[in-house]
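Visitor: Fold the following, please.
(2 chains)
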Amino acid sequence: MTSKTVGLRIGLVCLLGGLVASKLVGESAPNPIQLVISAPKGPLDGSTVELTATLTNSSDHDVTIDQITGDTSVGYQTIVRYIGYSHFVQERDLKNQPSSNNGIPLFSMSAITLRPGDHLQETVQLGGTCDLTEPGTYVVQVLRVVPEATGSGVSRLISNKITIQIDPHSESKGAGSK
Amino acid sequence: MSRRFLLLAKLRTVIFLCFLGMSWRSAAAKTIDVTPGVPVIAETTWYYINCMTSAGLGSYSINIAPTQGTVSVADVSGPLPGCPTGSPALPAVQATYTWTAENTSATTDFFELYYILNGQVAAVLDVDVVLSGSGGGCPSSNVVARAKLPDLMKIPLGTFITTKSGTSSSAVSDAVPAASTCTPPPPPTATISANGTDITGTTTDNPMIVVIGEQIVLTSSISNANGASVQSQSWSIPGNLVKSYGENGPVYWSVSPTCANADCQLVLVQASELATDTVTYHWIDALNSCSMQSVNGQQVCFRTVTYTATLSGGESVSAQATFEILQPTPTNPGQPLLSGDIGSPTIVGRYSNPPKEFMQLRRIYNILISNNVSGIEITPNLTDPLGFTGDIYLLQVASSVQVYDRTSGGTEECTYPYAFDHLYSPAEVPENDSPGVFLPDTINRMSLSDSFQTYLLWMPALPDAIPAPLGVLPWGFTGTAEPRGSFFSGLWSIDRKGSSEYVAPFVPNPSYPNQWSNYLTSPSEPHCNTL
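Guide: Model prediction:
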């Protein structure tokens, strides 16, 4: 690829990114897909927290969306707020450092059609990307960002916020410091 | 001479010619039906010249005595059987049998008499005894055949003997006539029912039509058993027999969204289940162990099932039925049942700061148009069998190998045995898939090799049906990605020399994948090695 096309691509990325961002922020029509996350009840082990993301077609027409199989973390960014003595916020994305026994996230995307009222579920693993080793309460929200959707459009979704409680007994399982 | 005597003379001539080459000592067999304690006339024999004239009086000698009763012999007189009314009584010898055995399970008896004339055995008379009401005691077919020997026999010197069962005699007034014939009960027969329909005796001309994946419940029944019980039974059913999925088994898989992995297992019919009166199974193919015949220009699979049972009396019964097994056919006969349109490895980005990039299989990469086309589209080419409807499932299993160079040095190889297992439901067919890998900035080079097998399944819309495998489409790709350089931090490009893709020809093969799970939310744990 020539430097000219690379430049075009960078420009396109910025342009499309801006368009998408403006669409996300400024759109007046409701998003046809609602993203709702939930977590298991009760105190959780901070090293293995899994969220269930439910994507529901809340519109009155069919909507195409990319279903992610494999490592769904490629399609999710997480925003985690710790509620404790020292409040802090983590914004976490994909694991950037492959460990010696984890490999690098594999994924697959399949464009599917959700009819009005239909939903699909994906599992989002928090433990691998966020530091949840501090016992206490966290507020979690996820952003679903599919890389260049193969379907007809829905690529960015933001979820509700949920509160999760991390069990003090899971402290020793994590790698974090206190 | 009256007309009746002329006929008798002609009959004698015919019989004489028939026996001309035989020894004059003849054999005959009878079957009598008796009641315990009641004397029954077994045989009466006249030695005579004609209806008016006796040639003398013979005697009986018991050669083989009965085991369940007694035989008594007496001289009697009476008109010859077949002679005109008013014919004189002629002397005869008569044997009477009485069943005397008690507390025995026997229902038959046998004895043999010699008819003696002038000190020589003139005839051998075998008598089968059947206890009245016992059912299965009728003589075997060869005995019945022997019983058809003529009662009238000519011996040298132009004289005749006549034997007759059941002729009343004044000399044995309390004896009752024996039944002259035995009417055997109808033989036991077996029938086969499929899903409640009697299909016994169906052939390729009028087969029971079923479809792959359909549940078949074969049931046998035996009629006219005469109180006998089934000692052993077996089914002979050609083809691969799948009992169900949903019970414990060595291979697990699932095509039902409501079925958890542990509950979705393939169960084959066991040999012990073929030794009962009912067997439940599914044929999952119309290819193996078939009698292929041409019907309306198409090769059609026929299979004949056989049920065999051995009864407590030792008799064996069996029944057969023939099935015609249908399966979907290509909508376009010139094309395979499954084909794929595949793209090539390419770089896609995610709009974040800093940007994230991925290597992914896409069919179109155009710098000016969003890459909104999936990496592969797999399309079935199926038409439901005539008279049936069904759904198409695509069951995909995959493995993946990634080799990458760390920026910190060293090369890592990670293998994922089960990478993108997925079931495409009927609503998701044709299948669109875009496998890929994340490209972090901590590596210098990524080579990804994914191998896929997409199984084509068809499930009839029938109760308790299961998806039947029709074949598999192998496909995959190898992609190699490299960073563009420090100036383009975070951006990658494809090394075309290290990249390729393929869709192999569809393989018609009616077998399920060895191992598959629909609920792998992430790839299996990789096996990683530092190279």
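Visitor: now the strands for the stretch 201-350 of chain B?
Guide: Remark: strands assigned in the stretch 201-350 of chain B by DSSP state E, counting those that start in this stretch are B:208-211, B:215-223, B:230-236, B:241-245, B:251-252, B:265-268, B:278-283, B:291-295, B:298-311, B:316-326, B:329-330, B:338-342, B:344-350.
Visitor: Let me know which of those strands is the nearest to residue B:386.
Guide: In terms of Cβ to Cβ, the element of these nearest to residue B:386 is strand B:316-326, at 7.2 Å. Backbone N, C-alpha and C define where each C-beta goes, glycine included.
Visitor: tell me the phi and psi of the nearest residue to residue B:319 once chain neighbours are set aside?
Guide: In space, and not counting its chain neighbours, residue B:319 is closest to residue B:190: 4.0 Å by Cβ to Cβ, 6 or more residues apart in numbering or on different chains. Here is the backbone geometry of residue B:190 (degrees, to the nearest 10): phi -110, psi 150.
Visitor: Residue B:190 contacts residue B:318, correct?
Guide: Yes. With contact defined as Cβ atoms under 8 Å, residue B:190 counts as touching residue B:318 (5.9 Å).
Visitor: per the record, what domains does chain A have?
Guide: Per automatic domain parsing, the domain ranges recorded for chain A read A:1-29, A:31-173.
Visitor: and the ones you listed, which one is worst for confidence?
Guide: Lowest mean pLDDT of those: domain A:1-29, a mean of 37.
Visitor: so how many other residues sit close to the residue lying closest to residue A:57 once chain neighbours are set aside?
Guide: In space, and not counting its chain neighbours, residue A:57 is closest to residue A:114: 3.9 Å by Cβ to Cβ, 6+ apart. A total of 23 residues lie near residue A:114 under the criterion other Cβ atoms under 10 Å in any protein chain shown.
Visitor: what sits against residue A:114?
Guide: Residues counted as contacts of residue A:114 (Cβ atoms under 8 Å, 6 or more residues apart in numbering or on different chains) are A:33, A:55, A:56, A:57, A:62, A:63, A:64, A:65, A:120.
Visitor: Going through the residues you listed, which ones are buried?
Guide: A:33, A:55, A:56, A:57, A:63, A:64, A:65 (16 or more other Cβ atoms under 10 Å in any protein chain shown).
Visitor: Among those residues, which lie within strands?
Guide: Taking DSSP state E, the ones among the buried ones among the contacts of residue A:114 that sit in strands are A:33, A:55, A:56, A:57, A:63, A:64, A:65.
Visitor: Between which two of those is the distance greatest?
Guide: Checking those with Cβ to Cβ, the most distant pair is A:56 and A:64, at 14.4 Å.
Visitor: which stretch in the strands of the stretch 201-350 of chain B has the least confidence?
Guide: Looking at the strands of the stretch 201-350 of chain B, the bottom one is strand B:251-252 with a mean of 40.
Visitor: ok, back up a step: reformat the buried ones among the contacts of residue A:114 as TSV; add distance to residue B:118.
Guide: Below are those laid out as TSV (distance: Cβ to Cβ, whole Å):
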residue	distance to residue B:118
A:33	116
A:55	113
A:56	112
A:57	112
A:63	114
A:64	112
A:65	112
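Visitor: Any residues of the stretch 151-300 of chain B in contact with chain A? List them.
Guide: By Cβ under 8 Å from any Cβ of the partner chain, no residue of the stretch 151-300 of chain B approaches chain A.
Visitor: so where's the stretch 151-300 of chain B shaky on pLDDT?
Guide: Scanning the stretch 151-300 of chain B for pLDDT under 70 picks out the ranges B:151-184, B:245-265.
Visitor: hmm, 80 instead?
Guide: Counting by pLDDT under 80, the stretch 151-300 of chain B has low-confidence residues at B:151-185, B:226-227, B:244-267.
Visitor: Does stretch B:327-340 reach chain A?
Guide: No. Using Cβ under 8 Å from any Cβ, stretch B:327-340 never reaches chain A; the gap is at least 13.8 Å.
Visitor: List the contacts of that stretch.
Guide: B:211-212, B:285-286, B:298, B:301, B:376-385, B:390, B:394, B:454, B:456, B:458, B:468, B:470-471, B:473, B:475, B:503, B:505-506, B:508.
Visitor: and residue B:356, what pLDDT?
Guide: The model's pLDDT for residue B:356 equals 78.
Visitor: sorry, that was for residue B:334
Guide: Looking at residue B:334, its pLDDT is 91.
Visitor: Give me the phi and psi angles of it.
Guide: phi -80, psi 0.
Visitor: Same question for residue B:496.
Guide: Torsion angles, degrees, to the nearest 10, at residue B:496: phi -60, psi -30.
Visitor: what's the neighbour count on it?
Guide: If you count neighbours by other Cβ under 10 Å, residue B:496 ends up with 11.
Visitor: Do a quick rundown of the helices in chain B.
Guide: B:3-18, B:141-147 (DSSP state H).
Visitor: Please apply the same query to chain A.
Guide: Using DSSP H, helices in chain A cover A:3-26.
Visitor: What's the end-to-end length of stretch B:337-349?
Guide: Distance across stretch B:337-349, first residue to last, is 35 Å (Cα to Cα, to the nearest Å).
Visitor: ok now it, how far from the chain's centre?
Guide: The chain centre lies 46 Å from the centre of stretch B:337-349; the measure is Cα atoms, centre = their mean, to the nearest Å.
Visitor: ok, and for it, which residues are buried?
Guide: Of the residues in stretch B:337-349, those buried (16+ other Cβ under 10 Å) are B:337, B:338, B:339, B:340, B:342, B:343, B:344, B:345, B:346, B:347, B:348, B:349.
Visitor: ok, residue B:211 - how many residues close by?
Guide: 26.
Visitor: Chain A: strands as residue ranges?
Guide: Going by DSSP E, chain A shows strands at A:33-38, A:50-57, A:63-70, A:76-83, A:88-92, A:106-114, A:119-125, A:136-145, A:156-158, A:162-166.
Visitor: Could you export those strands as CSV, including distance to residue B:42?
Guide: Below are these laid out as CSV (distance: least, Cβ to Cβ, whole Å):
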stretch, distance to residue B:42
strand A:33-38, 94
strand A:50-57, 91
strand A:63-70, 88
strand A:76-83, 100
strand A:88-92, 107
strand A:106-114, 89
strand A:119-125, 89
strand A:136-145, 100
strand A:156-158, 101
strand A:162-166, 101
